[in-house]
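**Q** Turn this into a model:
(2 chains)
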There are 2 protein chains.
Amino acid sequence: VTLAAPHAIVVLSGNELLDGRTRDVNGALVSRDLSARGAQVAEVVTVADDPQLLGAALRHALAAAPELLVVGGGLGTTHDDLTARCLADVLGAPLREHPGALAMVREAAARVAQRRHLDADEVFDLARRQALLPSGAEPLAPAGVAPGILVRTGSTRIVALPGVPFEFAAMWDVVAWRLEEEGFFPPVTRRVVRTWGIGEPQVARLIGDLPHDLLELGITVGEGEVTVHLRHRREEDVVAQADAIVEALVESPYVFSRDGRSVDEIVADRLRARGATLAVAESCTGGLVAARLTALPGSSDYFVGGVVSYANQAKIELLDVPPGMLAQYGAVSEPVAAAMAEGVRSSLGADCALAVTGVAGPSGGSADKPVGRVFTACACGDHTEVRAATYPGDRDAVRRAAVTGALHLLREVIAT
Amino acid sequence: VTLAAPHAIVVLSGNELLDGRTRDVNGALVSRDLSARGAQVAEVVTVADDPQLLGAALRHALAAAPELLVVGGGLGTTHDDLTARCLADVLGAPLREHPGALAMVREAAARVAQRRHLDADEVFDLARRQALLPSGAEPLAPAGVAPGILVRTGSTRIVALPGVPFEFAAMWDVVAWRLEEEGFFPPVTRRVVRTWGIGEPQVARLIGDLPHDLLELGITVGEGEVTVHLRHRREEDVVAQADAIVEALVESPYVFSRDGRSVDEIVADRLRARGATLAVAESCTGGLVAARLTALPGSSDYFVGGVVSYANQAKIELLDVPPGMLAQYGAVSEPVAAAMAEGVRSSLGADCALAVTGVAGPSGGSADKPVGRVFTACACGDHTEVRAATYPGDRDAVRRAAVTGALHLLREVIAT
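**A** Numbering: from 1, shown residues only, chains lettered A, B, ... in the order given. The predicted model follows:
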């Protein structure tokens, strides 16, 4: 079912988004945020910095009469007012210098001039064109120098923001808050149920024939996790359908999260609740396990440190892995994974330790230990658990899957 | 200048791309690849799985008469032939079962049935609809089960591929190869000049008034690097313009790469050429320096290992940082950065070592050492160089900028 949610279209302007130089972040941000707030993004159009193409894209978007049209990019000194001119043209609302926008630009120019030790009047002269708005439009306070543009046509609210990601993100926050205040978003609930260790068909089978005609239901797959996303309005019969599906899912032992928390967050919460500390030792993942654990703010509460033991020498020196064990079993082996975990735990005095050793590829594989073969060990209390897996894909995919696998091993060990 | 390159438009269909669940990879792949081959992607339209929206997007795209229209998604069992039906409708070419496509589907169904121990006839019955193509279209051999669609209208070649990323990527390779064979792409050269340590205005000033009307010139900014991208045809007068710009740029001491190599690749090449080994010690970057160094295949040639010394205890135990130094200067300080580099170098017996300590935030900052303050040290030979920087942005941005900063410090130290 497609919910009768406010219908939004996003138009992004920027040559750099179309030739692989830069990956879009603004469109991803606004799609994610609108969707989380219960709006339906029907279309994202990314178009080159060209008045004809941008004009055509705006006309195409407005033809669908969306309730919200978000335009990113094409504002600011380097863009020669592209978006403002195209909007003026498409709306038949000629550009005028807006006094409020002018005041914003003057203030922002003074700020920039001071920071960069430039002449404020010169900066203002260069930036002044950014106060030109289509008549009838309202300026949005800039995060950099260029104000945003808010204008209505028919039942559509148009919001145009500069494309520099930090400006876009800061100004979008203000726009979203205003839309929220105005009651633009419907009351929608979003639920996420995460599984680990089973495939998409088995997850679909858990849902089976349960009715879901009143819900939006999606299944995504990545790095060994299968995730079920539910989005629905808050009416009683709708909530009942969603509840039934969540209940059917959580009967499965493969469900590890029913409140949307990621494995990273679960592991962090459990370590913090136990007052336990964690150390890691990694070989093929080369620091990615530690990097992912420390990506969460406050991770110093439980994360002590780690060792990236890429060379055998590092395994011997820093982790006390016996050289004889390396010679007998090889660096990619169950006993070495266990020794790495126990070694880093003892050298850093941590309560728990996680270790990963494997063949990330593209070279280094053998018949016995092919590319993708990874051993993961978790040492907690007086027990060390070791798991073997073979992950598909290229070097990057193997490394990322190995990190996720390691976090799940830790999650399972500290659950009990 | 916009080169008279073949003009391409990409239309992607998929609800999961519009609500923040999944980040597009197919559009990024095809944009990057087309651009590298000298085609100009003018627009990428991402649209929900809905016949009306997809039909409108296809009509909008065809109205621009592109030489190439790539459609991703909406093919395969779960999509109910969405793309095939929309194409048939837009082109006025009714769906017909194509005998070649039928043979492809039968063969793919047999393969899937065997792998999953299912009945081949049953799988084929379910998949048979995927042999329906708009009349006049040609099937493209499937990587999964669904064939792609190749069809011409006017001067436009339309290519439709299933949206599952591995299927899309494998089938796009074949399509690109065919287009290459048919002489679709113009002879275009791409050059990349990378700078570190100066801002975009200064880079623009280096180019100054040099003529570039025959070139495509772009400047991108990220993590402290400003990169100039040139793309041009191979005619003599065009090449002369490009040469003049590259020459003007490389006079600047801030240019560190004129052959497109990233700082990661340069550092790797230099270490390998010197036969030198490297170790790292990181605090706020939490493993990201090691992860980035080991992202390159073959990094075990020079990368020995690293220590993620998150807690002070780890700095003392594994890196021999004197407890008195930590007490006197604090963990985020110049002497501690130097001691970390020297400590990891000696404990791992490496030739060079890199160390990073800083305040990634969001908490932990002080007036003296605000969030973003980072000290980086590089110990090589008998010299240790330490640098201080304050990076803007959130935790993730500070961490990523600190990693790039560390790689540049290493690059400069091992250049001499």
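
**Q** For chain A, give me the ranges with low pLDDT.
**A** For chain A, the stretches with pLDDT under 70 are A:1-5, A:79, A:416.

**Q** for it, what spans make up the helices?
**A** A:26-36, A:51-63, A:82-91, A:99-116, A:120-127, A:165-181, A:200-207, A:236-250, A:263-274, A:288-293, A:312-319, A:323-329, A:334-348, A:395-413 (DSSP state H).

**Q** Reformat those as JSON lines; add distance to chain B.
**A** For the C-beta atoms, the positions are set from N, CA and C on the backbone; glycine is no exception. Output for these, formatted as JSON lines (distance: least, C-beta to the nearest C-beta, whole Å):
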{"stretch": "helix A:26-36", "distance to chain B": "3"}
{"stretch": "helix A:51-63", "distance to chain B": "4"}
{"stretch": "helix A:82-91", "distance to chain B": "14"}
{"stretch": "helix A:99-116", "distance to chain B": "9"}
{"stretch": "helix A:120-127", "distance to chain B": "11"}
{"stretch": "helix A:165-181", "distance to chain B": "7"}
{"stretch": "helix A:200-207", "distance to chain B": "9"}
{"stretch": "helix A:236-250", "distance to chain B": "16"}
{"stretch": "helix A:263-274", "distance to chain B": "13"}
{"stretch": "helix A:288-293", "distance to chain B": "3"}
{"stretch": "helix A:312-319", "distance to chain B": "3"}
{"stretch": "helix A:323-329", "distance to chain B": "14"}
{"stretch": "helix A:334-348", "distance to chain B": "6"}
{"stretch": "helix A:395-413", "distance to chain B": "6"}
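
**Q** Dump these to CSV, plus distance to residue B:42 and mean neighbour count.
**A** Below are the helices of chain A laid out as CSV (distance: least, C-beta to C-beta, whole Å; neighbours: other C-beta atoms under 10 Å in any protein chain shown):
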stretch, distance to residue B:42, mean neighbour count
helix A:26-36, 17, 22
helix A:51-63, 6, 19
helix A:82-91, 15, 22
helix A:99-116, 30, 16
helix A:120-127, 29, 16
helix A:165-181, 22, 17
helix A:200-207, 35, 14
helix A:236-250, 42, 15
helix A:263-274, 39, 17
helix A:288-293, 37, 28
helix A:312-319, 50, 22
helix A:323-329, 56, 13
helix A:334-348, 51, 24
helix A:395-413, 30, 21
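
**Q** So which of those is nearest residue A:192?
**A** Residue A:192 sits nearest to helix A:236-250 of all those, at 9.9 Å, using C-beta to C-beta.

**Q** what about stretch A:127-137, start to end distance?
**A** Terminal residues of stretch A:127-137 lie 19 Å apart, using C-alpha to C-alpha, to the nearest Å.

**Q** what's in contact with it?
**A** A:75-77, A:81, A:84, A:87-88, A:91, A:93-98, A:101-102, A:104-105, A:108-109, A:139, A:142, A:145-147, A:149-152 (C-beta atoms under 8 Å, 6 or more residues apart in numbering or on different chains).

**Q** Could you do stretch A:381-401 as well?
**A** By C-beta under 8 Å, 6+ apart, stretch A:381-401 touches A:223-224, A:284-286, A:288, A:334, A:337-338, A:341-342, A:358-362, A:370-378, A:402, A:405, A:409, A:413, B:295, B:297.

**Q** what sits against residue A:252?
**A** Applying C-beta under 8 Å, 6+ apart, the residues contacting residue A:252 are A:195, A:198, A:206.

**Q** gap between the nearest residue to residue A:207 once chain neighbours are set aside and residue A:238?
**A** Of all residues not flanking residue A:207 in the chain, residue A:245 sits nearest, at 5.8 Å (C-beta to C-beta, 6 or more residues apart in numbering or on different chains). Noted for residue A:245: a distance of 11 Å to residue A:238, by C-beta to C-beta, to the nearest Å.

**Q** any shared contact partners between those two?
**A** With C-beta under 8 Å, 6+ apart, residue A:245 and residue A:238 have common neighbours residue A:215.

**Q** First-to-last residue distance for stretch A:329-337?
**A** End-to-end distance (C-alpha to C-alpha), stretch A:329-337: 11 Å.

**Q** now what about stretch A:20-27, what contacts it?
**A** Contacts of stretch A:20-27 (C-beta under 8 Å, 6+ apart): A:10, A:12, A:14, A:16-17, A:44, A:46, A:72-73, A:161, A:163, A:165, A:168-169, A:172, B:28, B:31-33, B:35-36, B:218, B:220, B:222, B:229.

**Q** just the CA coordinates of it, formatted as PDB?
**A** Extracted as PDB, the C-alpha positions of stretch A:20-27 are listed here (Å, rounded to 0.1, in the frame of the first residue of the first chain):
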ATOM      1  CA  GLY A  20      30.900  10.200 -10.500                       C
ATOM      2  CA  ARG A  21      33.100  13.000  -8.900                       C
ATOM      3  CA  THR A  22      30.800  13.400  -5.900                       C
ATOM      4  CA  ARG A  23      28.100  11.300  -4.400                       C
ATOM      5  CA  ASP A  24      25.000  13.000  -3.500                       C
ATOM      6  CA  VAL A  25      24.400  13.600   0.200                       C
ATOM      7  CA  ASN A  26      21.600  16.200   0.200                       C
ATOM      8  CA  GLY A  27      19.100  14.100  -1.700                       C
END
